[in-house]
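>>> sequence first, then the predicted structure:
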Amino acid sequence: MYILGIESSCDETAASVIERGERNRVLSAVIKSQIPLHAKYGGVVPEIASRSHYEVIDMLVDNALRTARLTVGDIDLMAVTQGPGLIGSLLIGLSFAKGLAFRHNIPLVPVDHIDAHLESPFIDHPDIQYPLLALVVSGGHTTLFYRENKFSGHILAKTRDDAAGEVMDKIAKHFDIGYPGGPVLDKLYPKGDPGIFSFTIPKMSDGSDDFSFSGYKTAVLRHAQLNDIKKDTQPFYDLISSFMNAVVEYLLKRTKEYAETLNPKSILIAGGVSRNTLLRQKFSEAFASSDIEFYMASPEFCTDNATMIAWLGYEKYTTFTKNNYFDPYLNSYSRAQFKKPKRHR
Ligand code: KG4
Ligand code: ZN
């Protein structure tokens with residue numbers, strides 16, 4: 001079965017063609033990043049993002065099909081990001097996908113962007129065992145999931161304010177050292193000493209395990225102000241390393257606590273920030289000697305891409321229905337629906 005995936009939720013327009021069934025492989029994965037368009041603003045400008053998606057989406061899909069050596073007539077199934085994301089950006093991908101699917105009578109599956117990130121480690125590791133814990137950490141989300149199987153589970157913790165990647169992007173913007181900030185801070189990390197500056201792990205006043213990252217930005221700026229730290233100096237590198245180390249330790253601590261309580265068979269990390277060198281290294285080391293298998297997405301499937309959309313689209317299609325109708329809420333998880341397990345402190 002050939003599946004065409006389309007992703008346009010934020011600042012990347014992407015199209016992928018995959019083959020699933022007897023053979024499971026990626027035939028093409030093309031991405032048009034908008035980084036150069038947004039770099040001078042230090043963040044994504046929604047109107048610019050929508051216009052850029054609009055300008056390239058048809059060429060991109062065409063390119064993905066040609067790279068896969070297929071035509072649209074060969075496509076058996078389409079999958080498109082339904083949300084969450086920037087509404088103008090989502091509308092471009094959704095409208096294009098609906099038009100193409102309708103014209104060529106191809107079933108179309110709407111896919112949740114976060115669920116697709118969670119699915120991304122399966123692209124290279126199809127045999128990941130359930131139940132699992134999955135940390136999806138990106139520019140828009142920092143959420144820890146528990147999944148009993150591919151389509152049922154609950155949220156254990158999520159950020160109450162900024163996402164981890166968002167804070168990295170904001171810090172890089174403040175110091176004017178590049179956009180997006182995550183990859184820039186990743187490169188700077190080895191230049192500093194992570195033990196120089198200390199950060200306090202946030203505690204929710206209601207006792208919840210939810211994440212909070214906005215305080216890290218305030219703490220970085222306060223350290224910089226109190227110590228009169230200027231960029232491109234050794235104290236600056238020490239501050240960046242200490243901050244990155246603190247964020248990774250925080251994510252790892254929560255994940256380990258839940259792993260001890262819930263004893264899953266597997267642990268996954270996914271999303272743009274899971275491309276981070278330190279995060280990958282610390283998580284790999286932390287679970288290397290445990291009974292729990294640890295998996296991460298390949299770097300190209302960590303940040304936004306259409307392969308993860310096509311991959312999960314196929315799973316939804318084969319699991320739920322072979323008709324053209326899909327409940328858009330089928331795969332969205334709300335806290336209200338599930339009882340949260342207690343974890344030992
Ligand atoms: O998953 P993604 O492409 O988009 C969202 O769904 O948000 O993630 C983008 C985020 C940005 O905040 C970016 O700074 C961060 O992922 N990121 C990284 C790295 N590469 C991308 N953060 C840390 N280290 C990296 N190497
Ligand atoms: Zn994403």
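That came through, no problem. Ligands and ions are numbered 1, 2, ... in the order given.
>>> now do the same contact list for Tyr146.
Tyr146 makes contact with 131-133, 153-156, 258, 262, 264, 341 under the criterion C-beta atoms under 8 Å, 6 or more residues apart in numbering. Placement of C-beta: from N, CA and C, glycine included.
>>> just Val45 next, same as before
For Val45, the contact set (C-beta under 8 Å, 6+ apart) comprises 37-38.
>>> out of the contacts of Tyr146, the closest to Ser198 would be?
Tyr258 (24.5 Å; C-beta to C-beta).
>>> who's in contact with that closest one?
The contact partners of Tyr258, by C-beta under 8 Å, 6+ apart, come to 133, 144, 146, 156-157, 209, 343.
>>> nearest to ligand 1 among those?
Leu144 (15.7 Å; C-beta to the nearest ligand atom).
>>> in space, what's closest to Ile57 - neighbours in sequence excluded?
Among residues not flanking Ile57 along the chain, Phe96 sits closest, at 5.0 Å (C-beta to C-beta, 6 or more residues apart in numbering).
>>> what about the one you found, helix or strand, and which?
helix 87-104 (DSSP states H and E).
>>> one more: Glu148?
Using DSSP H and E, Glu148 maps to strand 142-149.
>>> center of this protein - which residue?
Nearest to the geometric centre of the chain sits Gly271, at 2.3 Å (C-alpha atoms, centre = their mean).
>>> if we can go back for a sec, just the CA trace of the strand holding Glu148, in PDB.
Extracted C-alpha coordinates of strand 142-149, given in PDB (Å, rounded to 0.1, in the frame of the first residue of the first chain):
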ATOM      1  CA  THR A 142       6.300  19.000  26.300                       C
ATOM      2  CA  THR A 143       4.100  16.100  27.200                       C
ATOM      3  CA  LEU A 144       4.700  12.700  28.900                       C
ATOM      4  CA  PHE A 145       2.300  10.000  27.700                       C
ATOM      5  CA  TYR A 146       1.400   6.500  28.900                       C
ATOM      6  CA  ARG A 147       0.100   4.200  26.200                       C
ATOM      7  CA  GLU A 148      -1.400   0.800  26.800                       C
ATOM      8  CA  ASN A 149      -1.600   0.300  23.000                       C
END
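>>> sorry, back to before: does ligand 1 sit close to the helix holding Phe96?
No - judged by C-beta under 6 Å from any ligand atom, helix 87-104 makes no contact with ligand 1; its nearest approach is 11.5 Å.
>>> what is the end-to-end distance of stretch 19-34?
With C-alpha to C-alpha, to the nearest Å as the measure, the ends of stretch 19-34 fall 27 Å from one another.
>>> buried set for it?
19-20, 26-32, 34 (16 or more other C-beta atoms under 10 Å).
>>> avg pLDDT for it?
Across stretch 19-34, pLDDT averages out at 96.
>>> who touches it?
Under C-beta under 8 Å, 6+ apart, the answer for stretch 19-34 is 1-3, 11-18, 44, 48-49, 52, 56, 60, 63-65, 67-70, 123, 126, 300, 304-307, 311, 314.
>>> quick revisit: which of the contacts of Tyr258 sits closest to Leu251?
Minimum distance to Leu251 across these is 8.6 Å, recorded for Leu144 (C-beta to C-beta).
>>> counting contacts, what elements does the one helix or strand Met59 maps to pack onto?
Applying DSSP H and E as the criterion places Met59 in helix 46-67. Applying 3 or more C-beta pairs under 8 Å, 6 or more residues apart in numbering; DSSP states H and E, one finds that helix 46-67 makes contact with strand 2-7, strand 12-19, strand 25-33, helix 35-38, helix 87-104.
>>> filter the contacts of stretch 19-34 down to the buried ones.
Buried among those (16+ other C-beta under 10 Å): 2-3, 11-18, 44, 49, 52, 56, 60, 64-65, 68, 70, 123, 304-307, 311, 314.
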